[in-house]
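> This is a predicted model, with the sequence first.
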Amino acid sequence: MVMFNLSKKCKYSPIGLDISTEGVRMLQLGQDGKRIFVSGIAYRPLPKGSTGNDSNQEIQRQQAIEIVREILKSGSFHGRKVISCLRADELQIKSIRLPHLSDAELSQAIIWECQERFGFKPSPDRVHYIRSGQVKQDNETRDEIILLAVQENTVSAHVEMLSKMRLVPIHIDAEPIALFRAQCRFLQRIEDNITVSVLVNIDLSKTTIIIAKGRRILLIKVVEIGGRHFNQSVSEELNMSYSAASELRKRLMENAASAKTDQHDEPPSSKGNGEITLSQNDQIRWSVSDAIRGRVEALAHEVNLCLRYCSVTFRGLRPGKITLMGGEAYDTEIVKLMTEYLDTKCVVAQPLLGIDLSQIHMEPDRRTELAEWAVATGLALRNLINNTNMTQNLELSTISAGVNSSVSPTAGGISRSANYASNKPR
């Protein structure tokens with residue numbers, strides 16, 4: 001699972017820690033000159049039964065604490081410094097339009113806007129704003145501002161969890177920003193400044209949609225549709241338990257991955273040992289596809305609304321492809337249905353593409369894309385981002401969320417950036 005480089009000349013990133021409703025992912029990168037490599041990687045799922053309902057977040061935090069402590073005992077990571085993130089559904093994200101203001105004026109206006117729109121008054125280091133661009137409204141040019149705010153109890157619980165993990169937090173990032181950072185490093189050419197990127201991160205509980213032009217995010221939206229909902233649809237349509245439906249979908253995704261990597265092998269035959277044969281696989285796949293079609297089309301409709309909003313607001317933007325991230329991106333039926341509905345090619349993300357994986361050992365059945373590692377990759381890249389040409393001029397920052405200034409030199413004050421985007425189309 002994890003091996004690491006022992007070269008004393010290498011620089012190591014803080015550990016990128018991604019805690020989702022599905023499990024815990026930890027990723028550490030090393031840099032040796034221009035070469036970036038994975039020096040440590042680990043994944044542990046949350047215990048079965050805890051991912052079916054995330055209402056009790058305290059139980060999940062305790063499970064995550066135990067998992068991280070277990071992983072750290074292996075000695076596979078360098079140091080205890082960590083960059084973690086708040087999940088998109090833990091944040092308050094909203095797009096607003098204001099007259100053009102100076103940074104000082106806008107900083108004051110942001111606190112009032114948060115109180116009016118979110119129902120609470122965040123302290124300055126719990127809110128982040130982004131100038132996503134200028135838009136026309138009622139014959140006036142206004143600034144479209146993206147607010148990202150977090151409540152104090154959410155930050156306190158997260159920081160306390162990191163402390164119990166015996167980790168040293170360097171930054172607390174926002175999940176959507178980590179996702180974009182992982183993909184943004186591929187935008188190196190001059191012509192990429194006008195490239196429209198559409199990222200759709202489908203995890204167990206939700207989907208995060210990000211639309212960007214070049215390195216400027218134009219829109220962020222969180223949709224309450226994820227793998228759990230697909231599993232539930234299969235459970236209801238095929239009259240099986242939720243856990244059986246989850247295992248069935250996982251098995252089909254693994255079969256599809258095996259077929260992709262073993263294209264020259266003969267199709268498997270039925271041996272009566274429970275393995276799905278080619279013909280059985282087709283029949284079951286069709287049934288599962290029919291079961292999830294409604295949910296996938298609902299998700300695709302949300303993506304389409306986002307695209308239409310950006311096309312109107314930011315003048316005719318049209319992507320050449322849509323990049324799917326997260327564990328659900330391995331479902332070939334989701335990729336197919338999304339492509340059909342949106343009439344745009346959907347591809348599976350490869351967040352670790354171009355990063356040397358030779359110094360780690362991964363199980364033989366690991367998928368080549370590693371799309372589920374997008375968040376952890378974006379987190380681990382944060383402190384390496386200014387030291388490599390592939391991410392030159394990328395201007396991203398944290399949500400400034402709750403790491404005490406004695407721990408993080410970037411905390412304190414209202415954080416801002418020229419890049420990012422909105423919560424939902426209007």
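On my side now, so go ahead. Numbering: from 1, shown residues only.

> going forward, measure contacts and count neighbours with C-alpha atoms only.
Will do.

> Looks to me like Glu160 is in a helix.
Yes. Assessed by DSSP: H, G, I helix; E, B strand; the rest coil, Glu160 belongs to a helix.

> residues near it, how many?
Using other CA atoms under 10 Å, Glu160 has 12 neighbouring residues.

> show me where pLDDT drops low in the stretch 251-400 of the chain?
The stretch 251-400 of the chain contains residues with pLDDT under 70 at 259-279, 362-368, 385-400.

> now the helices for it?
Assigned by DSSP state H, counting those that start in this stretch, the stretch 251-400 of the chain shows helices spanning 278-313, 332-342, 374-381.

> Can you show me the CA trace of the last one as CSV?
Output for helix 374-381, consisting of C-alpha atoms alone and laid out as CSV, is shown next (Å, rounded to 0.1, in the frame of the first residue of the first chain):
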residue,chain,number,x,y,z
ALA,A,374,-8.3,14.4,-6.6
VAL,A,375,-9.0,16.2,-3.3
ALA,A,376,-6.0,14.7,-1.5
THR,A,377,-3.8,15.5,-4.5
GLY,A,378,-4.9,19.1,-4.5
LEU,A,379,-4.2,19.4,-0.8
ALA,A,380,-0.8,17.8,-1.1
LEU,A,381,0.1,20.1,-4.0
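
> residue ranges for the helices of the stretch 51-200 of the chain, please.
57-73, 103-118, 152-164, 175-184.

> which one of these has the lowest average pLDDT?
Mean pLDDT per stretch puts helix 103-118 lowest among the helices of the stretch 51-200 of the chain, at a mean of 87.

> ok, which stretches of the stretch 101-250 of the chain are strands?
For the stretch 101-250 of the chain, the strands defined by DSSP state E, counting those that start in this stretch occupy 127-137, 140-149, 168-174, 196-202, 207-213, 216-223.

> between those, which one is nearest to Ala256?
strand 196-202 (18.0 Å; CA to CA).

> I'd like the mean pLDDT over the closest one, please.
Averaged across strand 196-202, pLDDT comes to 96.

> Can you spell out which helices and strands pack onto it?
strand 207-213, strand 322-325 (3 or more CA pairs under 8 Å, 6 or more residues apart in numbering; DSSP states H and E).

> As CSV, these with mean neighbour count would be great.
Shown next, in CSV, are those (neighbours: other CA atoms under 10 Å):
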stretch, mean neighbour count
strand 207-213, 25
strand 322-325, 24
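
> JSON lines for the ones you listed, including distance to Arg69?
JSON lines is the format used below for the helices and strands packed on strand 196-202 (distance: least, CA to CA, whole Å):
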{"stretch": "strand 207-213", "distance to Arg69": "29"}
{"stretch": "strand 322-325", "distance to Arg69": "27"}
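
> ok so, going back, highest mean neighbour count out of the helices of the stretch 251-400 of the chain?
helix 374-381 (a mean of 29; mean count of other CA atoms under 10 Å).

> the inter-axis angle of that helix versus helix 175-184?
Here helix 374-381 runs at an angle of 80 degrees relative to helix 175-184 (axes from the mean of the first three to the mean of the last three CA atoms, to 10 degrees).

> Not counting helix 374-381 itself, show me its contacts.
For helix 374-381, the external contacting residues (CA atoms under 8 Å, 6 or more residues apart in numbering) are 13-18, 25-29, 83-85, 173, 175, 177-183, 325-326, 349-352.

> Assign a three-state SS to Leu29, would you?
strand.

> residues near the nearest residue to Glu66 once chain neighbours are set aside, how many?
In space, Glu66 comes closest to Met165 once its chain neighbours are excluded; the distance is 7.5 Å by CA to CA, 6 or more residues apart in numbering. Neighbour count for Met165, taken as other CA under 10 Å: 19.

> how much space between Met165 and Phe180?
27 Å (CA to CA, to the nearest Å).

> Ile130 contacts Ile177, doesn't it?
No. Using CA atoms under 8 Å, Ile130 is not in contact with Ile177; the gap is 11.5 Å.

> Quick check: the gap between the closest residue to Ser76 other than its chain neighbours and Lys336.
Leaving aside its sequence neighbours, Ser76 sits nearest to Gly40 (CA to CA, 6+ apart; 5.8 Å). According to CA to CA, Gly40 stands 33 Å off from Lys336.

> Pretty sure the residue nearest to Glu66 sits against Arg61.
No. Judged on CA under 8 Å, Met165 makes no contact with Arg61 at a distance of 10.1 Å.

> any idea how the chain splits into domains?
For the chain, the structural domains run 1-87+151-186+354-394, 92-149+412-426, 189-352, going by automatic domain parsing.

> what is Pro45 paired to in the beta sheet?
In this entry, Pro45 is beta-bridged to Gly23, by DSSP bridges.

> Tell me, what's the model's pLDDT at it?
93.

> before we move on, what about the one 5 residues further on?
Each residue has a pLDDT score; the one for Ser50 is 53.
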